[in-house]
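A.B. asks: Give me a 3D structure for the following:
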Amino acid sequence: MGRLVLKFGGTSVANIDRIRNVARHVKREVDAGHEVAVVVSAMSGKTNELVAWCTEASPMHDAREYDAVVASGEQVTSGLLAIVLQSMGIQARSWQGWQIPIRTSDAHASARIVGIDGSELIQRFQERKEVAVIAGFQGINPDTNRITTLGRGGSDTSAVAIAAAIKADRCDIYTDVDGVYTTDPRVVPKAKRLDKIAFEDMLELASQGAKVLQVRSVELGMVHNMPIFVRSSFDKPEDIDPHANQPPGTLICSEEQIMENHVVTGIAFSKDEAQISVRQIEDKPGIAASIFGPLADANINVDMIVQNVSEDGKTTDLTFTVPATDYNRARETITAAKDKIGYQRLDTATDVAKVSVIGSGMRSHAGVAAKGFAALAARNINIRAITTSEIKFSVLIDAAYTELAVRTLHTLYGLDQA
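C.D. replies: So this is what the prediction gives:
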């Protein structure tokens, strides 16, 4: 007997039949004696519809009212699931973020959780054996008493934060895939599902393009040492043994819980990148600040940065990448600051991709990146930029070579047989 948080995404609750399937997953855990809280997303496509309505009503809409509208998607799902559970004889009630309450900052549409009071949920587990069905993605700012939302993918973050608040034994993220793979199986059919992965590796995979989990949810799991279990909601509920040590899926946990680390855990990639090169700028103190300061003021995240100094040491070229969605704003921001920066030419490219090799085993192995660079060179794949960390290296390449690069590196590091 334990305490579990189960999170179900939009495809898992896309219609009433799927909500009934979710209810059977919940019933299985309740029948096994567990105390259960369920966090749900909006039904598939509903958040996009609500966002579109806000934009149609007014392109420059009030972010507070935007949150009031888009938070309603999860409210519908939580109520429907509670109704279905009750029809199956399970004591259940729905909760909105403000009812718990989930307290957040006042950054509407991208709020951060600052605290959760899980005491009433725990009391109801113990006194009523009641399942809590919680609307994900939302909370309340106590200063303004307004509903807030956590940004796209925020239901994952809600689930892990609630799991930490109620001291759950585990947070299960049910999704449309059956775990975390060494890379995208649609690109590399030989990709393998990982039984376990360390928080750090998962954090890098998520931040470098893997779409399985939202980055902030992994960060929260790592901070609170909350095991996160990624599993498929489309596995038949009755075929799963709730008492098994580990049903099909991937456990994201601390490194100490993993017996043997591979040198490389996985390969992530992102085609949502744009490259900007600021050419022939004077090589002097403060020049980097004159470029990246305005970008920071515009809330544009910069990723890879490469600086080249000319032979005479007087001028330099500075190349960096930004998310493709911020490309136009970034280019306009740099162009507007041309007089202050003093560059001669601005070169840009949107046909680029970032491929990242990730593994905490890199800490104790030399030459991992060099081996990868050689393999890419053998395939005539040119590297435009490189960044490294203790457990990751990333290369920027032409987008046309993305799949070839991913397959090459996946085989090179033995992940085909992982």
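A.B. asks: The biggest strand by length in the chain pairs with which strands, parallel or anti?
C.D. replies: Ordering each strand of the chain by length in residues (DSSP state E) puts strand 266-282 first. Here strand 266-282 has these sheet partners by DSSP bridges: strand 315-323 (antiparallel), strand 345-358 (antiparallel).
A.B. asks: how about that strand as PDB, C-alpha atoms only?
C.D. replies: What follows is strand 266-282 as a C-alpha-only set of coordinates in PDB (Å, rounded to 0.1, in the frame of the first residue of the first chain):
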ATOM      1  CA  GLY A 266      20.300   8.700 -25.400                       C
ATOM      2  CA  ILE A 267      20.300  11.000 -28.400                       C
ATOM      3  CA  ALA A 268      18.000  14.000 -28.600                       C
ATOM      4  CA  PHE A 269      17.500  16.400 -31.500                       C
ATOM      5  CA  SER A 270      15.600  19.500 -32.300                       C
ATOM      6  CA  LYS A 271      14.800  21.100 -35.700                       C
ATOM      7  CA  ASP A 272      13.200  24.100 -34.000                       C
ATOM      8  CA  GLU A 273      16.500  26.100 -34.200                       C
ATOM      9  CA  ALA A 274      17.700  29.200 -35.900                       C
ATOM     10  CA  GLN A 275      21.300  30.400 -36.300                       C
ATOM     11  CA  ILE A 276      22.400  34.100 -36.300                       C
ATOM     12  CA  SER A 277      25.900  35.200 -37.000                       C
ATOM     13  CA  VAL A 278      27.000  38.800 -36.200                       C
ATOM     14  CA  ARG A 279      30.000  39.500 -38.500                       C
ATOM     15  CA  GLN A 280      33.100  41.700 -38.100                       C
ATOM     16  CA  ILE A 281      32.400  43.400 -34.700                       C
ATOM     17  CA  GLU A 282      35.200  45.100 -32.800                       C
END
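A.B. asks: Distance from it to the middle of the chain?
C.D. replies: 20 Å (C-alpha atoms, centre = their mean, to the nearest Å).
A.B. asks: which of the residues in it are buried?
C.D. replies: By neighbour count on 16 or more other C-beta atoms under 10 Å, the buried set for strand 266-282 is G266, I267, A268, F269, S270, E273, A274, Q275, I276, S277, V278, I281. C-beta here means a position set from N, CA and C on the backbone, and glycine is covered the same way.
A.B. asks: angle of the next helix or strand along the chain from that strand against strand 315-323?
C.D. replies: Following strand 266-282 in sequence order, the next helix or strand is helix 287-297 (DSSP states H and E). Using axes from the mean of the first three to the mean of the last three C-alpha atoms, to 10 degrees, the inter-axis angle of helix 287-297 relative to strand 315-323 is 20 degrees.
A.B. asks: what's helix 287-297 packed up against?
C.D. replies: strand 266-282, strand 315-323, helix 327-336, helix 338-341 (3 or more C-beta pairs under 8 Å, 6 or more residues apart in numbering; DSSP states H and E).
A.B. asks: Quick one, which of the ones you listed gets closest to D178.
C.D. replies: Taking C-beta to C-beta, strand 266-282 is the member of those nearest to D178, at 15.5 Å.
A.B. asks: So what touches the worst-scoring helix or strand of the chain on mean pLDDT?
C.D. replies: Ranked by mean pLDDT, DSSP states H and E, the weakest helix or strand in the chain is strand 305-309, scoring a mean of 84. With C-beta atoms under 8 Å, 6 or more residues apart in numbering as the test, strand 305-309 has contacts from D283, A288, T315, T316, D317, L318, T319, F320, A385, I386, T387.
A.B. asks: now it, how far from the centre of its chain.
C.D. replies: That offset, for strand 305-309, works out to 29 Å (C-alpha atoms, centre = their mean).
A.B. asks: Given it, what are its sheet partners and their directions?
C.D. replies: Strand 305-309 has its sheet partners listed here by DSSP bridges as strand 315-323 (antiparallel).
A.B. asks: Could you pull out the helices in the stretch 101-250 of the chain for me?
C.D. replies: Assigned by DSSP state H, counting those that start in this stretch, the helices in the stretch 101-250 of the chain fall at 119-128, 154-165, 199-207, 215-224.
A.B. asks: avg pLDDT for the third one?
C.D. replies: Regarding helix 199-207, the rounded mean pLDDT is 91.
A.B. asks: what's the answer for stretch 76-90, then?
C.D. replies: The model assigns stretch 76-90 a mean pLDDT of 98.
A.B. asks: ok, and for it, which residues are buried?
C.D. replies: In stretch 76-90, counting by 16+ other C-beta under 10 Å, buried: V76, T77, S78, G79, L80, L81, A82, V84, L85, I90.
A.B. asks: Identify the residues contacting the fifth one.
C.D. replies: This points to L80. Contacts of L80 (C-beta under 8 Å, 6+ apart): V13, I16, I19.
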